[in-house]
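Asker: fold the following and give me the result.
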Amino acid sequence: MAHKYSKTDGAPIDHNAAKFQMKKFRDKYPSKDAVIARFIGSDIIHKILKHPEAVGLRVYFGDDDRDQMEIFFVGVREDGSNIWPDAGKDGGGGTIADHTFPCPPYCPPGIGG
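Answerer: Numbering: from 1, shown residues only. Sure, this is the predicted structure:
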């Protein structure tokens, strides 16, 4: 049976579990210049989720023109299909979010590379 995607998919995790996973990632990529996080504003996320068929987001990983990790957010329908911007065969009309700010150098106080 195919998974039916829902606005309720996902769950919170404990702060300590998140910190543990963050540490494992940093241990795996110990370079002080390694990207450990990315920031994106809420307006573009709300724009994606405002699509009438969107039940959530899918995060894609890629490399930018400097070969640094980038992430993209795409709206997802209940059937699991992506809501792409073009109005092609899948209905489209969605938004893809990009242009996130990497940490480092855009880190919260006390955290950095």
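Asker: state the number of residues packed around the nearest residue to H3 once chain neighbours are set aside.
Answerer: Leaving aside its chain neighbours, H3 sits nearest to G80 (6.5 Å; criterion: CB to CB, 6 or more residues apart in numbering). Yep, even glycine has a C-beta here, placed from its N, CA and C like the rest. G80 has 13 neighbours, counted by other CB atoms under 10 Å.
Asker: same check, this time on G94
Answerer: Neighbours of G94 (other CB under 10 Å): 22.
Asker: now do the SS call for the residue most central in space within the chain.
Answerer: With distances taken as CA atoms, centre = their mean, V59 lies nearest the centre of the chain, 3.9 Å away. For V59, the assignment made with DSSP: H, G, I helix; E, B strand; the rest coil gives strand.
Asker: quick one: residues contacting the closest residue to it other than its chain neighbours.
Answerer: Excluding its sequence neighbours, the residue lying closest to V59 (CB to CB, 6+ apart) is I71, at 5.5 Å. By CB atoms under 8 Å, 6 or more residues apart in numbering, the contact list for I71 reads R38, V59, Y60, F61, G62, T100.
Asker: redo that, cut-off 10 Å
Answerer: Counting by CB atoms under 10 Å, 6 or more residues apart in numbering, I71 makes contact with V35, R38, I40, V59, Y60, F61, G62, A97, D98, T100, P102.
Asker: out of the residues you listed, who's nearest A17?
Answerer: Nearest to A17 among those: V59, at 18.8 Å, using CB to CB.
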